[in-house]
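> Pasting the sequence and the predicted model now:
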Amino acid sequence: SAVISQKPSRDICQRGTSLTIQCQVDSQVTMMFWYRQQPGQSLTLIATANQGSEATYESGFVIDKFPISRPNLTFSTLTVSNMSPEDSSIYLCSVGGGFDYGYTFGSGTRLTVV
Amino acid sequence: RKEVEQDPGPFNVPEGATVAFNCTYSNSASQSFFWYRQDCRKEPKLLMSVYSSGNEDGRFTAQLNRASQYISLLIRDSKLSDSATYLCVVNRSPGGGNKLTFGTGTQLKVEL
């Protein structure tokens, strides 16, 4: 399965600022996924990032708040913009191993907004 | 109704016990199913895929009942190291965008 390097692993940010999270995969993948896991909750899909096209966002998530870049088949970034304390969460990237196979996750970015 | 529902637990069991988790899903078009394990403050990791015929991996057995739309995970001879949150995960059909939907997880605590 793919190996994903995600950074930063954690950050504490001031409200109103932005944070960019990076994920690097050790192999080329068509789709990368970005998730959020709020405290005590399960994972919620934010968006799907395809190389060469705009990301597809899930209901409740918008590009202005969570812009995503996918410049090539091994790399993606998620930016959390104009942060508020409600954005405090763990953000994870993921790649799939094929429809019937499991997905691999990055180690996550633990974000605290103060 | 949530797309994927699990009993949050916690399930507190003694070492060596057998424990079973169930999960139900609402989208009948779902095609693939997984159990993930998430340790505290860590990312989820794939435990096993779930196949229609049922499948076993060591002490772990997963089963799928498409008619009733539920998935189960059985853990035999529980170890202390099995303590974690177990996430039931469903993948919609390819036409649905190949997206994972996660249950909220069932917490397992294995005790001496």
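That came in fine, so what should we check first? Numbers count the residues shown, from 1 in each chain, chains lettered A, B, ... in the order given.
> is stretch A:16-26 anywhere near chain B?
No: Stretch A:16-26 does not reach chain B (C-beta under 8 Å from any C-beta of the partner chain); its nearest approach is 11.6 Å. Where you see a C-beta, it was placed from the backbone N, CA and C, and this is true even at glycine.
> what's that stretch in contact with?
Stretch A:16-26 has contacts (C-beta atoms under 8 Å, 6 or more residues apart in numbering or on different chains) with A:2-8, A:11, A:13, A:32, A:74-84, A:91, A:93, A:95, A:106, A:109, A:111.
> and what of stretch A:65-82?
A:16-30, A:32, A:34, A:46-47, A:49-53, A:55, A:57, A:64, A:87, A:91, A:93, A:111.
> switch to 6 Å and redo it
Outside of stretch A:65-82, the residues within contact range by C-beta atoms under 6 Å, 6 or more residues apart in numbering or on different chains are A:18-25, A:28, A:32, A:34, A:46-47, A:49, A:51, A:55, A:87.
> do stretch B:84-92 as well
B:4, B:6, B:21, B:23, B:25, B:30, B:32-34, B:36-39, B:44, B:71, B:99-103, B:105-107.
> How about stretch B:39-48?
Stretch B:39-48 is contacted by residues A:92, A:102, A:105, A:107-108, B:35-38, B:57, B:62, B:84, B:87 when judged by C-beta under 6 Å, 6+ apart.
> For that stretch, what does the pLDDT average out to?
In this model, stretch B:39-48 has a mean pLDDT of 92.
> Over to stretch A:28-39?
92.
> any chance you could map the strands in chain A?
A:4-7, A:10-13, A:19-25, A:31-37, A:43-50, A:56-57, A:68-72, A:75-80, A:89-96, A:103-105, A:109-113 (DSSP state E).
> The fourth one pairs with which strands, parallel or anti?
Under the criterion DSSP bridges, strand A:31-37 sits next to strand A:43-50 (antiparallel), strand A:89-96 (antiparallel) in its sheet.
> how near is residue A:68 to residue A:58?
Counting by C-beta to C-beta, to the nearest Å, the gap from residue A:68 to residue A:58 is 12 Å.
> same thing with residue B:40?
26 Å.
> who's more crowded, these two?
More crowded of residue B:40 and residue A:58, by other C-beta atoms under 10 Å in any protein chain shown: residue A:58, with 15 against 8.
> Now that one: closest residue in space that isn't a chain neighbour?
Leaving aside its chain neighbours, residue A:58 sits nearest to residue A:45 (5.1 Å; criterion: C-beta to C-beta, 6 or more residues apart in numbering or on different chains).
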